[in-house]
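**Student:** Fold the following for me, if possible:
(one chain, ligands or ions: 1)
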Amino acid sequence: MTRQVKVLVLTGYGLNCDMETAHAFEMAGAVADRVHINTLISGDVKLSAYQILVFGGGFSWGDDHGAGVVQAVRIMTGLGDAIRDFIAGGRLVMGICNGFQTLVNTGLLPGFDENYTQREVALLHNDCGNFRDQWVDLCVNSHSPCVFTEGMDSLPLPVRHGEGKFYAASAVIEKLENSGQVVLRYARPDGKPAEGVFPMNPNGSINDIAGICDASGRVFGLMPHPEAFTHLTHHPDWTRMKAEERAFFDDLTPGLRIFQNAVRHFR
Ligand SMILES: NC(=O)CC[C@H](N)C(=O)O
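**Tutor:** Have a look, this model is predicted:
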């Protein structure tokens, strides 16, 4: 009998990708529950009943005080210890877009200190000055310990954000690069890094960084939306793709593969 993998997808206060994200995890073979932040904080639902915790996309608290800032405070004051225990117990945490912004504001990413509380990086307003809604190409760092991207090398995914510019002091960037914690970079269509060129790098992220993980590879955050590419026809060019490429994505989209990797980690 295969083990049931349970995923908790947070909802509430302006998050708007929870249904798609829960659906993507169910396509990957998990059981996904959408749980309101207050229900989790009140203890009516226990985090310990789950293997995977997801902070999804949206506009939590209307992006007031910076995207993900208020959610980070709410989460860490109400659930900090429970989340630290969750991670120490070998479980997975994923932050997508607004969820990634939340994870960096809590310090859960990059998680350099053992308490996962130090805020070391920021996601700033896009350099172009406006919200970007577009598809990007990404390349995966094969030296990264990230559980979610295991076996992957490059992939297209959509982004939709106003505050996606990955920024940190140069010593922090160096530490992330040396430790393999940089997981995803914005790329050119041939899979090489975008080297800051807009719109391939849609926001001006330093070193084209689109996603990072903690040292264990079990806490992962990314600006692009894998839940928005779980079927071939989600891709804007699916009718124009060469037969070979279409068959590749029809077999398994890279978005779905990320969720499958997470679920398979527990099997
Ligand atoms: N799609 C999202 O999660 C958007 C995140 C955030 N509201 C931003 O605009 O940057």
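**Student:** Point out where this structure drops to low pLDDT.
**Tutor:** 1-2 (pLDDT under 70).
**Student:** and the longest helix along it, what other elements does it pack with?
**Tutor:** Assignment by DSSP state H gives helix 69-88 as the longest helix of the chain. In terms of contacts (3 or more Cβ pairs under 8 Å, 6 or more residues apart in numbering; DSSP states H and E), helix 69-88 is packed against helix 37-42, strand 52-55, strand 92-96, helix 98-106. No exception for glycine: its C-beta is placed from N, CA and C like everyone else's.
**Student:** Quick one: closest of those to G68.
**Tutor:** helix 98-106 (3.0 Å; Cβ to Cβ).
**Student:** what angle do the closest one and helix 69-88 make?
**Tutor:** 80 degrees (axes from the mean of the first three to the mean of the last three Cα atoms, to 10 degrees).
**Student:** what's the burial count for the nearest residue to D137 once chain neighbours are set aside?
**Tutor:** Using Cβ to Cβ, 6 or more residues apart in numbering and skipping residues adjacent in sequence, the residue nearest D137 is A187, 4.4 Å away. Using other Cβ atoms under 10 Å, A187 has 23 neighbouring residues.
**Student:** and what of A228?
**Tutor:** A228 has 23 nearby residues by other Cβ under 10 Å.
**Student:** Would you agree it is in contact with M19?
**Tutor:** No: with contacts counted by Cβ atoms under 8 Å, A228 stays clear of M19, the gap being 11.8 Å.
**Student:** before we move on, the earlier item: and the helices and strands packed on helix 69-88: which comes nearest G217?
**Tutor:** Ranking the helices and strands packed on helix 69-88 by their distance to G217 (criterion: Cβ to Cβ) puts strand 92-96 first, at 9.3 Å.
**Student:** Walk me through which strands the closest one pairs with, and which way each runs.
**Tutor:** strand 52-55 (parallel), strand 219-222 (parallel) (DSSP bridges).
**Student:** re earlier: could you export the helices and strands packed on helix 69-88 as a markdown table, including distance to A67 and mean neighbour count?
**Tutor:** As requested, the helices and strands packed on helix 69-88 are exported to a markdown table (distance: least, Cβ to Cβ, whole Å; neighbours: other Cβ atoms under 10 Å):
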| stretch | distance to A67 | mean neighbour count |
| --- | --- | --- |
| helix 37-42 | 16 | 16 |
| strand 52-55 | 12 | 26 |
| strand 92-96 | 12 | 27 |
| helix 98-106 | 4 | 27 |
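**Student:** Indicate which one of the ones you listed is closest to the ligand.
**Tutor:** helix 98-106 (3.4 Å; Cβ to the nearest ligand atom).
**Student:** I would like the residues contacting the closest one, please.
**Tutor:** Residues from elsewhere that reach helix 98-106 (Cβ atoms under 8 Å, 6 or more residues apart in numbering): 10, 15, 54-60, 66-69, 71-73, 75-76, 80, 93, 95, 109-110, 116-117, 119-123, 161, 163, 211, 219, 221-223.
**Student:** Relative to F100, how far out is the nearest residue to A82 once chain neighbours are set aside?
**Tutor:** Setting aside the residues directly before and after it, A82 is nearest to L47 in space (Cβ to Cβ, 6+ apart), at 4.9 Å. Distance, L47 to F100, using Cβ to Cβ, to the nearest Å: 19 Å.
**Student:** Not counting sequence-adjacent ones, nearest residue to R74?
**Tutor:** I37 (6.5 Å).
**Student:** about what we covered before: export the strands paired with strand 92-96 as JSON lines, with columns for distance to H23.
**Tutor:** Listed next are those as JSON lines, based on distance: least, Cβ to Cβ, whole Å:
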{"stretch": "strand 52-55", "distance to H23": "12"}
{"stretch": "strand 219-222", "distance to H23": "18"}
